[in-house]
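Student: Could you work out the structure for the sequence below:
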Amino acid sequence: MRLRLLFSESIRSLGANLSTTVAATMTVLIGMFLLGLFIAIGSWAQDFGAKQKEKLLVKVYFCTENTCAKPATLAQINIVRRTLESNPLVKPGGVTFVSKAEALERMRERTPDIVDNLTSNPLPPAFEVQARDGADVNEVGASLRNPLAPGVEKIRDGEEISERVISAARILSTAFAVATVILLLSSALLIANTIRLSIFSRRREIEVMKLVGATNWFVRGPFMLEGLICGILGSLAAVLLLLVAKAAVLPSILGRFETGSDIQAWPFTTIAFVILLVGLTIGAVGSGVTMRRFLRV
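Tutor: Sure thing, here's the model as predicted:
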């Protein structure tokens, strides 16, 4: 009976300040929607960056008669192999030798027109090295680059490409995070303002309730519920909007990117749970701060 009374009082108060209630709920909706996008895009970008780092290879190219005064000898190639295999940053079994013939065959598969016009094989033998962690490719290359190992012509890695991808993902995530924080603060302030208006409009009723012996929590209960209702309604609407966007928009967007199906964002159920939890927290904070400042009971 008491719980029903609390809910009825909260709903009546929200209806009395309908415009402010709608504004607060819509702000929560936008904030929670952006929060869901931020979590989805941020987790997807993080997984994408991790997968790209896993694909990074250190490529060690050896001297040939066309590029150096002395071609790399078999002994020099074996020394480099042992150096790489003994490096703790290199993945076990991650050192692959690519001969001149194999390199030419790969090039024939990618650009057959160029290979058909070649009179000789200009490609050098090379090692393709996979690090335990993609972030260590620069250090693996540096172990042979400073100083350059005998017989090695050049060393290449994908660290610059990886840094560009990760930097872009970081900037995008930061922008979404800043926008989300601003909207969350706006949501809490609007919820607080809604409850403040409700307190002012019912101040005489509150005085009467105190005179007849109502407890502090009985007086505060409806106002606390108002904030929670605004928070949960906005969060539920945001989850529904994200669900529609996931079904209608996401497939067409992902179809434009050849990223592979192994790259995943957080599960939608996890994102929805986080949104609902944050929405309830925003509602509780907004109502709690207002009651502390304006409801002296």
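Student: Near residue 116, how many other residues are there?
Tutor: 8 (other C-beta atoms under 10 Å). For glycine as for every other residue, the C-beta is placed from the backbone atoms N, C-alpha and C.
Student: can you tell me how far residue 277 sits from residue 248?
Tutor: According to C-beta to C-beta, to the nearest Å, residue 277 and residue 248 sit 26 Å apart.
Student: Which of those two has more residues huddled nearby?
Tutor: It is residue 277, of residue 277 and residue 248, that has more neighbours when counted by other C-beta under 10 Å, with 12 against 9.
Student: Tell me which helix or strand that one sits in.
Tutor: For residue 277, the host element (DSSP states H and E) is helix 268-294.
Student: For the helix or strand containing residue 114, buried residues please.
Tutor: Using DSSP H and E, residue 114 maps to helix 112-116. For helix 112-116, burial by neighbour count (16 or more other C-beta atoms under 10 Å) applies to residue 115.
Student: next one: that helix to chain centre, how far?
Tutor: With C-alpha atoms, centre = their mean, to the nearest Å as the basis, helix 112-116 stands 42 Å off its chain's centre.
Student: same thing with stretch 110-128?
Tutor: When distances are taken as C-alpha atoms, centre = their mean, stretch 110-128 is centred 40 Å away from the chain's centroid.
Student: which residues in the stretch 101-250 of the chain form strands?
Tutor: In the stretch 101-250 of the chain, the strands defined using DSSP state E, counting those that start in this stretch lie at 126-131, 152-156.
Student: Now do the longest one: which elements does it pack against?
Tutor: Contact partners of strand 126-131 among helices and strands, from 3 or more C-beta pairs under 8 Å, 6 or more residues apart in numbering; DSSP states H and E: strand 58-62, helix 74-85, strand 90-98, helix 137-145.
Student: now swap in the shortest one and tell me
Tutor: Judged by 3+ C-beta pairs under 8 Å, 6+ apart, strand 152-156 is in contact with strand 58-62, helix 137-145.
Student: Kindly reformat these as JSON lines containing mean pLDDT.
Tutor: Supplementary listing: the helices and strands packed on strand 152-156 in JSON lines, determined by pLDDT from 0 to 100:
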{"stretch": "strand 58-62", "mean pLDDT": "87"}
{"stretch": "helix 137-145", "mean pLDDT": "78"}
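Student: Now those in CSV, please, with extra columns for distance to residue 83.
Tutor: Output for the helices and strands packed on strand 152-156, formatted as CSV (distance: least, C-beta to C-beta, whole Å):
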stretch, distance to residue 83
strand 58-62, 10
helix 137-145, 7
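Student: wait, which of those is closest to residue 123?
Tutor: Across the helices and strands packed on strand 152-156, residue 123 has its closest neighbour in strand 58-62 (8.9 Å, C-beta to C-beta).
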